[in-house]
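Chemist: Pasting the sequence and the predicted coordinates here, then a few questions.
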Amino acid sequence: MIEQRWALVTGVGRQIGIGAAICRALAADGVSICFTGWTNYDAEIYGGDHQGWHASFAPELHELGVDAFGVEVDLSDPETIAPLVASVLERAGMLSILVNNAAFSTNGGIDELTAKQLDNHYAVNVRGMALLTQAFVRQWPGTTGGRVVNMTSGQGQGPMPGELAYAASKGAVEAFTTSVAPALGERGITINAVNPGPTDTGWMSDELKTRLLLQFPMGRIGGPEDAARLVAFLCREEAGWITGQVMNSEGGFWRK
């Protein structure tokens, strides 16, 4: 393993989001962090001043004893990938960890499906993820200890008829993860996908929480820290024998 490790974590746009929880968990393990966000998207979807929080997140991570900085980047534009990675390498020297957490998500069933909707999901969830993984592999020196974790959404566990474009794009993430694992393994890199299941990051209505709670046998809904703990484990040395897997961290969530 590389002594001084740096991680690139995408999709860190909200204080209570999974991306922020992943950054905190990695920082607690001594990993320095470059985190990305696209606050225009977050403000449109969730409302609020995400840009102000994004600027304040690095000092929070500094308090955990690591270096950290944030980058505003629209990962739907493939031309942003090379400059993003170059800016990280200028400061970090090398990346040891990549967490592809950024996602584009809108609702829509078969009657609402459009070409633009499909393209918007593909651009971030599939193309952005794949190109960032490629860039990570190209900068890796070939030693052991490289880690890639992709975030998925459990679409393989049951139907998601109201989120067709999103489910299709995340299905591609799982296929990419398992298919590329042998090639990355030869270069000393593990790659896995994590499905956090329904996670309370502030977007759930009280009605939805009440309904979902009945489907969690442990008596609570998943929180961002639950997913973050699994991601952090997969990035540690002791997880070096785990690759090409899709892991469902759902607390026993059962689908009706």
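Modeler: Now that the structure is in, tell me what you want to look at.
Chemist: in this protein, what secondary structure element scores lowest on mean pLDDT?
Modeler: Within the chain, confidence by mean pLDDT, DSSP states H and E is lowest for helix 39-46 among all helices and strands, at a mean of 66.
Chemist: pLDDT below threshold where in the chain?
Modeler: Counting by pLDDT under 70, the chain shows low-confidence ranges at 1-3, 41-50, 256.
Chemist: quick one: P161 from A115, how far?
Modeler: The gap separating P161 from A115 is 19 Å, by Cβ to Cβ, to the nearest Å. In this view, the C-beta of every residue, glycine as well, is placed from N, C-alpha and C.
Chemist: One more: G222?
Modeler: From G222 to A115 the distance is 33 Å (Cβ to Cβ).
Chemist: Let me see the ranges of the helices in the stretch 51-200 of the chain.
Modeler: Here the stretch 51-200 of the chain has its helices, by DSSP state H, counting those that start in this stretch, at 81-92, 115-121, 129-139, 164-185.
Chemist: Nearest residue to the most centrally placed residue in the chain in space, ignoring adjacent ones along the chain?
Modeler: Taking Cα atoms, centre = their mean as the criterion, N101 is the residue nearest the geometric centre of the chain, at 1.5 Å. Distances taken as Cβ to Cβ, 6 or more residues apart in numbering place G11 nearest to N101, at 3.9 Å, with adjacent residues excluded.
Chemist: Am I right that that neighbour is in contact with G37?
Modeler: Yes: between G11 and G37 there is a contact under Cβ atoms under 8 Å: 7.0 Å.
Chemist: what do these two both touch?
Modeler: Taking Cβ atoms under 8 Å, 6 or more residues apart in numbering as the contact rule, G11 and G37 both touch G19.
Chemist: Now do the same contact list for the residue nearest to N101.
Modeler: G11 makes contact with G17, I18, G19, T36, G37, N100, N101, A102, A103, M151 under the criterion Cβ under 8 Å, 6+ apart.
Chemist: for the third one, what are its contacts?
Modeler: Applying Cβ under 8 Å, 6+ apart, one finds that G19 lies in contact with V9, T10, G11, V12, G13, F35, G37, V99, N101, A102.
Chemist: same thing but 7 Å
Modeler: By Cβ atoms under 7 Å, 6 or more residues apart in numbering, the residues touching G19 are V9, G11, V12, G13, F35, N101.
Chemist: where does the nearest residue to R236 once chain neighbours are set aside sit relative to I18, distance-wise?
Modeler: The spatially closest residue to R236, leaving aside those adjacent along the chain, is D29, at 6.7 Å (Cβ to Cβ, 6+ apart). Going from D29 to I18 by Cβ to Cβ gives 17 Å.
Chemist: Could you check which of these two is surrounded by more residues?
Modeler: I18 (27 against 15; other Cβ atoms under 10 Å).
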